[in-house]
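[1] need a 3D model of the sequence below.
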Amino acid sequence: MLAEVVRGLSRPQPELSPKYFYDHRGSELFEAITRLPEYYLTRAERGILATEMPALIERLGVRTLVELGAGSGEKTRCILDAMSAAGTARAYVPIDVSASFLQETAKRLRLEYPELAVIPTVADITEAVRIPNDLPGPVLFAFLGSTIGNFAPPAAIRLLHRVAMAMPAGGHLLLGADLRKDPAVLEAAYDDAAGVTAEFNRNMLRVLNRELGADFDPDGFAHRAVYEPESHRIEMHLVSLRDQRVTLPGGRAFRFPAGSTIRTEISCKYDRASVTGLLSAAGFALEEWMTDVEERFALALAGAES
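    Numbers count the residues shown, from 1 in each chain. Got it, this is the predicted structure:
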């Protein structure tokens with residue numbers, strides 16, 4: 001972790017990995033973000049899941065759901081409900097970096113779905129995708145939200161390729177992708193009026209202080225979210241409000257002049273052609289393309305290329 005943080009802060013544009021958002025508090029803040037009026041993504045995706053999953057799950061006969069970056073599993077219930085209704089629900093494997101949040105999710109789901117084997121797996125999907133052996137098939141991998149957008153295209157392709165390598169024969173991938181739209185709508189979704197996203201962004205610094213013994217002053221940074229039209233992505237930054245010096249273990253120090261920034265997240269936005277290209281480069285073939293009525297968000301169902 002220290003080595004990764006040092007590498008990121010040493011770049012011409014200092015940056016930190018968005019995976020450090022998600023301690024228990026960060027996970028709670030993100031769940032609060034999904035309920036904000038500006039954050040349309042979760043509502044749009046949940047609407048697609050509620051509409052499309054019953055027929056899709058019955059057609060595929062899915063018996064195991066593996067979810068990457070599971071979080072609270074709220075939207076996942078649309079898939080699990082469809083599996084239960086079809087009589088095929090056997091196992092759910094939520095994968096996330098936050099162990100405590102994952103255990104809470106697993107506990108709730110075991111009560112709600114007593115017939116389901118819930119197998120929480122703490123892992124960093126940016127490094128490896130490993131699942132338990134002998135899961136009942138067919139297996140559906142779900143990568144929901146707009147999480148794939150947190151990776152620039154080369155990194156997104158590498159991640160999806162790792163999923164393809166971990167997927168048993170006959171498996172499928174269900175990929176969530178936020179679609180390109182009015183930049184004002186996009187920027188509002190990442191810079192809400194209530195300031196919840198700003199607190200979520202600054203919480204990363206608290207995580208680094210606790211886990212590494214760093215001395216960031218979270219109140220010394222402001223939140224900024226801006227859409228970059230050429231790269232079709234939102235960028236979130238922490239903007240230094242004054243000249244600052246931050247130290248890390250081993251005496252390594254970084255200076256942040258007033259107005260300088262640390263990039264904490266990118267969120268790429270897609271159209272059908274760009275999603276198809278990502279999937280193909282990773283070894284998948286697009287089988288179905290599902291959007292909400294307003295075409296703000298898409299779910300792509302993909303299988304292994306023959």
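[2] looking at this, residue 158 is in a helix?
    Yes. Under DSSP: H, G, I helix; E, B strand; the rest coil, residue 158 falls within a helix.
[3] burial of it, as a residue count?
    Other residues near residue 158 number 13, with proximity taken as other Cβ atoms under 10 Å. C-beta here means a position set from N, CA and C on the backbone, and glycine is covered the same way.
[4] can you give me every residue that contacts it?
    Contacts for residue 158 (Cβ atoms under 8 Å, 6 or more residues apart in numbering) come out as residue 282.
[5] ok, residue 181 - contacts?
    Contacts of residue 181 (Cβ under 8 Å, 6+ apart): 269, 296.
[6] okay, it: pLDDT?
    We note a pLDDT of 97 for residue 181 in this prediction.
[7] which SS state does the closest residue to residue 228 other than its chain neighbours fall under?
    Excluding its sequence neighbours, the residue lying closest to residue 228 (Cβ to Cβ, 6 or more residues apart in numbering) is residue 235, at 5.9 Å. State at residue 235, reduced to three classes by three-state DSSP: strand.
[8] strands of the stretch 101-250 of the chain, residue ranges please.
    In the stretch 101-250 of the chain, the strands defined using DSSP state E, counting those that start in this stretch lie at 117-118, 121-122, 139-143, 172-178, 221-228, 233-240, 244-247.
[9] list the strands paired with the first one, with their directions.
    It refers to strand 117-118. In the sheet, strand 117-118 lines up against strand 91-96 (parallel) (DSSP bridges).
[10] got the angle between the strand it pairs with and strand 139-143?
    Interaxial angle, strand 91-96 versus strand 139-143 (axes from the mean of the first three to the mean of the last three Cα atoms, to 10 degrees): 30 degrees.
[11] what does strand 91-96 contact?
    The contact list for strand 91-96 (Cβ under 8 Å, 6+ apart) reads 22, 63-71, 73, 76, 80, 102, 105-106, 109, 113, 116-123, 125, 129, 131-132, 135-136.
[12] now that strand: buried residues?
    By neighbour count on 16 or more other Cβ atoms under 10 Å, the buried set for strand 91-96 is 91-96.
[13] in helices, which of the contacts of strand 91-96 fall?
    Taking DSSP state H as the definition of helices, those contribute 76, 80, 102, 105-106, 109.
[14] closest to residue 143 out of these?
    Each of the ones in helices among the contacts of strand 91-96 was scored against residue 143 by Cβ to Cβ, and residue 76 proved nearest at 11.5 Å.
[15] what is the burial count for that closest one?
    Applying other Cβ under 10 Å, we find 20 other residues in the vicinity of residue 76.
[16] which residue is the nearest non-sequential neighbour of it?
    Nearest to residue 76 is residue 67, by Cβ to Cβ, 6+ apart, at 5.7 Å.
[17] surely the one you found meets residue 145?
    No. The criterion here is Cβ atoms under 8 Å, and residue 67 misses it with residue 145 at 10.3 Å.
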